[in-house]
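Q: task: produce atomic coordinates for the following.
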Amino acid sequence: MTTPRQSLLDALDTSVVGRRREVELVVAALDADRHVLLEGPPGTGKSTLLRAVAEGLGIGFVFVEGNAELTPARLVGHFDPARVLNEGYEPDVFVDGPLVTAMRDGSLLYVEEINRIPEETLNVLITVMSEGELNVPRFGRVVAADGFRLVAAMNPFDAVGTARISGAVYDRVCRVSMGYQSAADEVKIASRAGDDLPSGWLDKVVDLVRRTRTHPDLRVGSSVRGAIDMAAVATSLASVRARRVTDRDVSLDAALVALSGRVRLREGSTRTSEDVVTELWNEVFAPAAEANGGKANAPTGATH
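A: Residues are numbered from 1 along each chain as shown. Got it, this is the predicted structure:
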């Protein structure tokens, strides 16, 4: 017999491709009234998964963008300065921040890229996760309503701009690790970028993107977003040039536009990202020419 939770998971399969296990883990953790941390490289669907689960469960969802500018006051809230002058520090003068809003409503507080926020702001979240309440100076005590949970996402520690998350955070969350999906799943995701693409062409696009993740000259490869953008740009560029997406100048230029800014070269490399993308394009789309030593250069003007 199908349970309501199984029906929900089946429905989420259409919006969150290739993430059945992760969705099951997140739903189970939230059902158990636990805070959740999704950890994985950019473009692995962390935000998509959490939004879909919140919508599927019918839970409120308060979004916070994690960055160095997220101070405790911006997270918690503040007193309106103009009204304080006239009315003093009255409760109705307080402007709720996203944390207090989520606590009052019993909603999920989703913190994106939690390992980019300042330590003092992170300490506020640790207190709330531990105590289920927050004491705000001049305002008083805020108690989290039933249903409030922190759900957060973070990139690996070695990503640019990130900091190491303390053990105090890990001790208060259920961590779900997310890697890249399979090639077949990434093809399904990228296929949403356009219709009527030539058979097999999108498979090569995804193959190209996946090769950026293991290339020796690249420290960071592209996520599936690169495949989505390459397919979309190639479709538009083919129309602009009155060509086909399979034509060399269209396909390669689309790859350069979509991928060269997403990949990161290893320190000390003498190559450019355009060089590496062109090399990989040749391996995937023109293997015969590559085998004959006919490695092609980028189209004129593509790297300038």
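Q: excluding chain neighbours, what is closest to residue 132?
A: residue 144 (4.7 Å; Cβ to Cβ, 6 or more residues apart in numbering). C-betas here are computed from N, CA, C, even on glycine.
Q: ok, that neighbour - contacts?
A: 103, 106, 128, 132, 133 (Cβ atoms under 8 Å, 6 or more residues apart in numbering).
Q: show me which of those residues are buried.
A: With burial judged by 16 or more other Cβ atoms under 10 Å, the buried subset of those is 103, 128.
Q: and which of the contacts of residue 144 is nearest to residue 264?
A: residue 128 (34.7 Å; Cβ to Cβ).
Q: isn't that closest one right up against residue 141?
A: No. Under the criterion of Cβ atoms under 8 Å, residue 128 is not in contact with residue 141, lying 11.9 Å apart.
Q: overlap of the contact sets of these two?
A: Here residue 128 and residue 141 have residue 134 as joint contacts, going by Cβ under 8 Å, 6+ apart.
Q: for residue 278, grab the count of nearby residues.
A: Residues lying near residue 278 (other Cβ atoms under 10 Å) number 22.
Q: count of residues packed around the residue nearest to residue 19 when sequence neighbours are not counted?
A: Once flanking residues are discounted, residue 19 sits nearest to residue 49: 5.6 Å by Cβ to Cβ, 6+ apart. Each residue near residue 49 was counted by other Cβ under 10 Å, and the total is 22.
Q: residues contacting residue 49?
A: Contacts for residue 49 were tallied using Cβ under 8 Å, 6+ apart; they are 16, 19, 22, 23, 26, 38, 178.
Q: of these, which pair is most distant in space?
A: 16 and 38 (11.9 Å).
Q: just checking, residue 262 touches residue 222?
A: Yes. Taking contacts as Cβ under 8 Å, residue 262 lies within contact range of residue 222: 4.3 Å.
Q: the two: which is more packed in?
A: More crowded of residue 262 and residue 222, by other Cβ under 10 Å: residue 222, with 27 against 20.
Q: which SS class is that one?
A: Three-state call for residue 222 (DSSP: H, G, I helix; E, B strand; the rest coil): coil.
Q: check contacts around it.
A: 43, 209, 212, 213, 258, 259, 262, 263.
Q: name the member of these with the most neighbours.
A: residue 209 (31 neighbours).
Q: low pLDDT regions in the stretch 1-150 of the chain?
A: 1-2 (pLDDT under 70).
Q: please read the previous query as pertaining to the stretch 151-300 of the chain.
A: For the stretch 151-300 of the chain, the ranges with pLDDT under 70 are 157-163, 194, 288-300.
Q: walk me through the domains of the protein.
A: 4-177, 183-291 (automatic domain parsing).
Q: straight-line length of the longest one, end to end?
A: So that's domain 4-177. With Cα to Cα, to the nearest Å as the measure, domain 4-177 spans 26 Å from end to end.
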